[in-house]
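**Q** 3D, please:
(one chain, ligands or ions: 1)
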Amino acid sequence: MAQIIDGKVISTQIKDELKEKVAALKEHGIVPCLAVIQVGQDPASSVYVNNKKKACTYIGIDSRAYELPESVSQTELMELIETLNRDESVNGILVQLPLPKHIDENAVIQVISPAKDVDGFHPETVGNMCIGTDGFLPCTPAGVIQLLKRSGIEIAGKECVVVGRSNIVGKPMAMLLLRENGTVTIAHSKTKNLKEVTKRADILVAAVGKPKFITGEYVKEGAVVIDVGIHRNENNKLCGDVDFDDVVQKVSAITPVPGGVGPMTIAMLMDNCVKNAVSPKSEC
Ligand code: GUN
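**A** Coordinates of the predicted model:
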């Protein structure tokens, strides 16, 4: 029987640990503060942003919401970020993605001070993660590492295959698995003989962006499968990049969707924010 890795339970453990830390910080007059900027009213983004605010409330982090109209200019958005960069009461700044088409996402990410980059998207933050310097870790990949560690799954020496090469998940995921001494392959849409590659994996991370793409044929007997995908199927039910029912009989451990990686992203965002209140990063 496969171990079902419960992201709800593990993320709650992490949030409870953070709640205790925040209570102790408050005794020293420190209240962590996260600024969350949303542009427009994309329904999926609104759900994510609300969940982030709820997690802040649960842990005791002060959250400040900035809801900007879809029509906001890039300059106005950047000016708000620069104001928040200078605001000493703010520990973390998050701009919910995607942004409307008239705004250059990369340019916006680069305006966020690396000292407050709790999403871990700024090129300087990414560079620090790659060379192994202390710093903010990107939330979803860091959440996957926590799921593995807290489920007693060893990474060192394991064949790890990440399917997907996005800047938010695939690439940083591969880097964090490498930091844990995994032997890492990144596969993607142009990979030849994908099934042969994924079948080498002791740990397979699916970040493909296609519902139920990873079936049993892609998975080695006894592998650990982590599903980063989230989609709605034809019946409006949530599903991942992995065909759970087809894969579950073959694997030693697997994350479900929902209730796997999803809740971990927010827990790790909260972790970045609290860490930065405990020992704030200084700007270079
Ligand atoms: N949109 C989807 N996932 C994320 C995330 O982790 N951070 C931000 N800022 N936007 C997102």
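
**Q** skipping adjacent residues, who's closest to R232 in space?
**A** Spatial nearest neighbour of R232, excluding adjacent residues (Cβ to Cβ, 6 or more residues apart in numbering): L238 at 6.2 Å. From N, CA and C alone the C-beta is placed, and that goes for glycine too.

**Q** could you check the pLDDT of the one you found?
**A** On pLDDT, L238 comes in at 96.

**Q** now the one 3 residues further on
**A** As summarised for this prediction, D241 has a pLDDT of 98.

**Q** so what's it closest to, chain neighbours aside?
**A** G229 (3.0 Å).

**Q** shouldn't the one you found be in contact with D243?
**A** No. In this structure, G229 is not within contact of D243 by Cβ atoms under 8 Å, at 10.7 Å.

**Q** these two: who's more crowded?
**A** G229 (25 against 19; other Cβ atoms under 10 Å).

**Q** put the alpha carbons of stretch 199-212 into PDB.
**A** Written as PDB, here are the backbone C-alpha positions of stretch 199-212 (Å, rounded to 0.1, in the frame of the first residue of the first chain):
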ATOM      1  CA  LYS A 199      10.900   5.400 -15.200                       C
ATOM      2  CA  ARG A 200      14.500   5.900 -13.900                       C
ATOM      3  CA  ALA A 201      13.100   8.000 -11.100                       C
ATOM      4  CA  ASP A 202      13.200   7.000  -7.500                       C
ATOM      5  CA  ILE A 203      11.600  10.400  -6.900                       C
ATOM      6  CA  LEU A 204       9.400  11.800  -9.700                       C
ATOM      7  CA  VAL A 205       8.200  15.300  -9.500                       C
ATOM      8  CA  ALA A 206       5.400  16.100 -12.000                       C
ATOM      9  CA  ALA A 207       5.200  19.800 -12.900                       C
ATOM     10  CA  VAL A 208       4.000  19.400 -16.500                       C
ATOM     11  CA  GLY A 209       0.900  21.500 -16.500                       C
ATOM     12  CA  LYS A 210      -1.300  18.800 -18.200                       C
ATOM     13  CA  PRO A 211      -4.100  17.000 -16.300                       C
ATOM     14  CA  LYS A 212      -3.400  13.300 -15.500                       C
END
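
**Q** need the contact partners of it.
**A** Residues outside stretch 199-212 that contact it (Cβ atoms under 8 Å, 6 or more residues apart in numbering): 144, 148, 153, 155, 158-164, 166, 169-170, 173, 177, 182, 185, 198, 213-214, 218-220, 223-229, 231, 233, 239-243, 246.

**Q** quick one: secondary structure of G135?
**A** Of the three states, G135 takes coil according to DSSP: H, G, I helix; E, B strand; the rest coil.

**Q** number of nearby residues for Q110?
**A** So Q110, with other Cβ under 10 Å, has 16 neighbours.

**Q** just the buried subset of the contacts of stretch 199-212, written out for PyMOL, thanks.
**A** Selection of buried members from those for PyMOL, criterion 16 or more other Cβ atoms under 10 Å:
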select buried, resi 144+148+153+155+158+159+160+161+162+163+164+169+170+173+177+182+185+198+213+214+218+219+220+223+224+225+226+227+228+229+239+240+241+242+243
